[in-house]
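**Q** quick one, structure for this:
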Amino acid sequence: EVQLVESGGGLVQAGGSLRLSCAASGFTFGDYIMCWFRQAPGKEREGVSCYSSSYSYTSYADSVKGRFTISGDAAKNTVYLQMNSLKPEDTAVYYCAARPAGGAFYWDQSTEYDYWGQGTQVTVSS
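**A** Residues are numbered from 1 along each chain as shown. Just a heads-up that it's a prediction; the model follows:
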(Lines give C-alpha, C1' and ligand atoms only; values in the text may rest on other atoms or scores of the structure.)
Protein backbone atom coordinates (compact mmCIF):
# COMPACT_ATOMS: atom_id res chain seq x y z
CA GLU A 1 0.00 0.00 0.00
CA VAL A 2 1.35 3.39 -1.00
CA GLN A 3 1.49 5.98 1.75
CA LEU A 4 2.73 9.55 1.84
CA VAL A 5 2.96 11.19 5.24
CA GLU A 6 3.76 14.89 5.55
CA SER A 7 5.14 16.63 8.61
CA GLY A 8 6.83 19.88 9.57
CA GLY A 9 4.08 22.42 9.10
CA GLY A 10 3.30 25.09 11.64
CA LEU A 11 2.97 28.77 12.42
CA VAL A 12 5.86 31.09 11.56
CA GLN A 13 6.36 34.81 11.21
CA ALA A 14 7.00 36.39 7.84
CA GLY A 15 10.66 36.04 6.91
CA GLY A 16 10.99 32.81 8.85
CA SER A 17 11.69 29.26 7.71
CA LEU A 18 10.15 25.82 7.88
CA ARG A 19 11.15 22.43 6.54
CA LEU A 20 8.47 20.05 5.39
CA SER A 21 9.04 16.32 5.13
CA CYS A 22 7.17 13.67 3.17
CA ALA A 23 7.89 10.07 4.09
CA ALA A 24 6.95 7.64 1.34
CA SER A 25 6.29 3.91 1.56
CA GLY A 26 4.93 1.20 -0.68
CA PHE A 27 6.99 1.98 -3.75
CA THR A 28 10.58 2.39 -4.87
CA PHE A 29 11.48 6.01 -4.17
CA GLY A 30 13.75 6.39 -7.19
CA ASP A 31 11.04 5.22 -9.58
CA TYR A 32 8.72 8.10 -8.72
CA ILE A 33 8.45 11.84 -9.14
CA MET A 34 7.82 13.43 -5.74
CA CYS A 35 6.17 16.82 -5.58
CA TRP A 36 4.72 19.43 -3.26
CA PHE A 37 1.44 21.18 -3.91
CA ARG A 38 -0.38 23.71 -1.79
CA GLN A 39 -3.94 24.91 -1.44
CA ALA A 40 -5.02 28.11 0.23
CA PRO A 41 -8.63 28.70 1.31
CA GLY A 42 -10.82 29.48 -1.67
CA LYS A 43 -8.05 28.79 -4.17
CA GLU A 44 -7.13 25.93 -6.45
CA ARG A 45 -4.39 23.50 -5.57
CA GLU A 46 -1.12 24.70 -7.11
CA GLY A 47 2.18 23.01 -7.83
CA VAL A 48 5.07 24.23 -5.70
CA SER A 49 8.03 22.00 -6.49
CA CYS A 50 8.98 18.56 -7.79
CA TYR A 51 11.93 16.20 -7.42
CA SER A 52 13.24 13.01 -8.95
CA SER A 53 16.45 11.42 -7.73
CA SER A 54 16.76 9.06 -10.69
CA TYR A 55 16.33 11.78 -13.30
CA SER A 56 18.20 14.51 -11.39
CA TYR A 57 15.11 16.60 -11.86
CA THR A 58 13.78 19.54 -9.90
CA SER A 59 11.17 22.15 -10.73
CA TYR A 60 9.76 25.18 -8.93
CA ALA A 61 6.84 27.50 -9.25
CA ASP A 62 7.91 31.05 -10.07
CA SER A 63 6.41 32.26 -6.80
CA VAL A 64 8.86 30.19 -4.71
CA LYS A 65 12.04 30.22 -6.81
CA GLY A 66 15.01 31.39 -4.80
CA ARG A 67 13.17 30.85 -1.49
CA PHE A 68 12.23 27.15 -1.46
CA THR A 69 14.51 24.17 -2.03
CA ILE A 70 13.38 20.62 -2.66
CA SER A 71 15.59 17.63 -1.91
CA GLY A 72 15.33 13.94 -1.29
CA ASP A 73 16.91 11.16 0.72
CA ALA A 74 16.47 7.81 -1.02
CA ALA A 75 17.78 5.91 2.00
CA LYS A 76 14.91 7.35 4.05
CA ASN A 77 12.34 7.40 1.22
CA THR A 78 11.74 11.02 2.12
CA VAL A 79 11.45 14.26 0.19
CA TYR A 80 11.95 17.61 1.87
CA LEU A 81 10.86 21.16 1.15
CA GLN A 82 13.02 23.80 2.79
CA MET A 83 11.06 27.04 2.86
CA ASN A 84 12.92 30.26 3.60
CA SER A 85 11.87 33.91 3.55
CA LEU A 86 8.28 32.87 4.06
CA LYS A 87 5.53 35.30 3.16
CA PRO A 88 1.90 35.50 4.31
CA GLU A 89 0.85 34.44 0.82
CA ASP A 90 2.63 31.12 1.38
CA THR A 91 -0.06 30.24 3.92
CA ALA A 92 -1.79 27.05 2.75
CA VAL A 93 -2.17 23.35 3.33
CA TYR A 94 0.86 21.69 1.75
CA TYR A 95 0.42 18.29 0.15
CA CYS A 96 2.93 15.71 -0.97
CA ALA A 97 2.15 13.93 -4.24
CA ALA A 98 3.76 11.15 -6.27
CA ARG A 99 3.57 9.63 -9.73
CA PRO A 100 5.74 7.13 -11.61
CA ALA A 101 8.74 8.74 -13.25
CA GLY A 102 9.19 8.74 -17.01
CA GLY A 103 7.16 10.16 -19.84
CA ALA A 104 6.02 13.68 -20.47
CA PHE A 105 3.68 15.31 -17.99
CA TYR A 106 2.67 18.68 -16.65
CA TRP A 107 4.36 18.75 -13.26
CA ASP A 108 2.18 21.48 -11.84
CA GLN A 109 -1.14 19.83 -12.68
CA SER A 110 -2.63 17.97 -9.73
CA THR A 111 -4.47 15.56 -12.02
CA GLU A 112 -1.13 14.09 -13.10
CA TYR A 113 -0.50 12.49 -9.70
CA ASP A 114 -1.61 9.11 -8.45
CA TYR A 115 -0.89 9.38 -4.75
CA TRP A 116 -1.40 12.10 -2.17
CA GLY A 117 -0.63 12.70 1.47
CA GLN A 118 -3.08 14.11 4.00
CA GLY A 119 -1.53 17.58 4.02
CA THR A 120 0.18 19.76 6.60
CA GLN A 121 -0.84 23.31 7.47
CA VAL A 122 1.63 26.16 7.01
CA THR A 123 0.60 29.54 8.38
CA VAL A 124 2.75 32.62 7.92
CA SER A 125 1.82 35.63 10.03
CA SER A 126 2.60 39.19 8.96
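**Q** and the strands in the chain?
**A** Secondary structure of the chain (DSSP state E): strands located at 3-7, 10-13, 18-25, 32-39, 46-52, 57-60, 68-73, 78-83, 92-100, 115-116, 120-125.
**Q** in a markdown table, list the ones you listed along with mean neighbour count and mean pLDDT.
**A** (C-beta placed from N, C-alpha, C; glycine too.) Below are the strands of the chain laid out as a markdown table (neighbours: other Cβ atoms under 10 Å; pLDDT from 0 to 100):
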| stretch | mean neighbour count | mean pLDDT |
| --- | --- | --- |
| strand 3-7 | 17 | 97 |
| strand 10-13 | 13 | 98 |
| strand 18-25 | 19 | 97 |
| strand 32-39 | 24 | 96 |
| strand 46-52 | 22 | 95 |
| strand 57-60 | 16 | 93 |
| strand 68-73 | 18 | 96 |
| strand 78-83 | 22 | 98 |
| strand 92-100 | 21 | 96 |
| strand 115-116 | 16 | 96 |
| strand 120-125 | 17 | 98 |
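**Q** how about those strands in TSV, adding distance to residue 108?
**A** Putting the strands of the chain into TSV (distance: least, Cβ to Cβ, whole Å) gives the following:
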stretch	distance to residue 108
strand 3-7	18
strand 10-13	24
strand 18-25	17
strand 32-39	8
strand 46-52	3
strand 57-60	8
strand 68-73	13
strand 78-83	15
strand 92-100	11
strand 115-116	15
strand 120-125	18
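**Q** mind listing what residue 71 touches?
**A** Neighbouring residues of residue 71 by Cβ atoms under 8 Å, 6 or more residues apart in numbering: 51, 79-80, 82.
**Q** pairing partners for it in the sheet, please.
**A** Beta-bridge pairing of residue 71 under DSSP bridges involves residue 80.
**Q** how close does the nearest residue to residue 29 once chain neighbours are set aside get to residue 83?
**A** Leaving out its chain neighbours, the residue that sits closest to residue 29 by Cβ to Cβ, 6 or more residues apart in numbering is residue 77, at 4.6 Å. According to Cβ to Cβ, to the nearest Å, residue 77 and residue 83 sit 21 Å apart.
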